[in-house]
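Enquirer: Quick check, what structure comes out for this input:
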Amino acid sequence: MEKIDLKQSEVERTVLAAASRGHFVYESGHHGALWLDMDALFVDARRARGWASTLADRAAAGRPEFVCGPLTGGAFLAQSLAAEIGAGFIFAGRFVSDTGAVRYRIPESLRRAVSGRRVLLVDDAVNAGSALLSTLTDLLECNIELAGFATLLTLGEAASDIARRHGAPLFTLASLEHELWTPEACPLCRSGTPLIDYLI
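Expert: Numbers count the residues shown, from 1 in each chain. Reported below is the predicted structural model:
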């Protein structure tokens, strides 16, 4: 993982200022004690553009032809990186099945454009990595070549593990320690702490 120290404290301060603590369920189904309002990262558009520029300077080394991100935050960041790098931009839409499972898919109108091209996969933050993995699965079905991963913030080791498994570089501005648990192993469930589900 290539980490940029220049903006690290600024990203962390912004994210933590909008964080909530409690007992939460994430899109991946995991439980945790920290909820981050990632929309707060994009309120100050000029500041967000500066972060994107710093991240793009590093990620350009992967020579991406396209930059892709899952809606919404990942796509906002991906579009900014694409503009900085001079690459094309695509996004993955979010779909929820009848069973509640979430998946991300590249629109039909964009799938042919990325076939055989080098794609940088971007998300605003990576926690368990479910949005990143679902988007990557669909991109690989489009026959892309993975140029790497980029994110403003990683929580825990999931992003590093995903990058390592796929033999691709990971670029990030900040990292925070964060514990995730399966519902069966969640100590907050065992202690009877009420569960907050912002995904409903």
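Enquirer: if I look at the nearest residue in space to residue 158 that is not next to it in sequence, how far off is residue 13?
Expert: In this structure, residue 158 finds its nearest non-sequential neighbour in residue 129, 4.1 Å apart by C-beta to C-beta, 6 or more residues apart in numbering. For every residue, glycine as well, the C-beta is placed using N, CA and C. From residue 129 across to residue 13, the span is 24 Å (C-beta to C-beta, to the nearest Å).
Enquirer: out of the two, which sits in the busier spot?
Expert: Taking neighbours as other C-beta atoms under 10 Å, residue 129 and residue 13 compare with residue 129 leading, 24 against 10.
Enquirer: can you pull the contacts of that one?
Expert: 28, 158, 159, 161, 162 (C-beta atoms under 8 Å, 6 or more residues apart in numbering).
Enquirer: List phi and psi for it.
Expert: Here is the backbone geometry of residue 129 (degrees, to the nearest 10): phi 90, psi 20.
Enquirer: I'd guessed residue 53 sits against residue 84; true?
Expert: Yes. The criterion here is C-beta atoms under 8 Å, and residue 53 meets it with residue 84 at 5.3 Å.
Enquirer: ok, these two, which is more surrounded?
Expert: The neighbour comparison of residue 53 against residue 84 (other C-beta under 10 Å) goes to residue 84, with 18 against 15.
Enquirer: do you know how far the more buried one is from residue 57?
Expert: From residue 84 to residue 57 the distance is 8 Å (C-beta to C-beta).
Enquirer: next one: residue 81
Expert: From residue 81 to residue 57 the distance is 10 Å (C-beta to C-beta).
Enquirer: Compare these two (neighbour count), which wins?
Expert: Using other C-beta under 10 Å as the criterion, residue 81 and residue 57 rank with residue 81 on top: 26 against 13.
Enquirer: can you tell me how far that one sits from residue 129?
Expert: 18 Å.
Enquirer: so who does residue 197 touch?
Expert: The contact partners of residue 197, by C-beta under 8 Å, 6+ apart, come to 24, 25.
Enquirer: Residue ranges in this protein under the pLDDT threshold?
Expert: 1-8, 198-200 (pLDDT under 70).
Enquirer: Would you map the helices across it?
Expert: 8-17, 45-59, 73-85, 108-114, 130-141, 158-165, 187-190 (DSSP state H).
Enquirer: out of these, nearest to residue 38?
Expert: helix 73-85 (4.8 Å; C-beta to C-beta).
Enquirer: returning to what we had before: most tightly packed of the helices of the chain?
Expert: Stretch with highest mean neighbour count among the helices of the chain: helix 73-85 (a mean of 23; mean count of other C-beta atoms under 10 Å).
Enquirer: who does that helix touch, helix- and strand-wise?
Expert: Judged by 3 or more C-beta pairs under 8 Å, 6 or more residues apart in numbering; DSSP states H and E, helix 73-85 is in contact with helix 45-59, strand 66-70, strand 88-96, strand 118-126, helix 130-141, strand 145-155.
Enquirer: can you give me how far it is from the chain middle?
Expert: Mean-position distance between helix 73-85 and its chain equals 12 Å (C-alpha atoms, centre = their mean, to the nearest Å).
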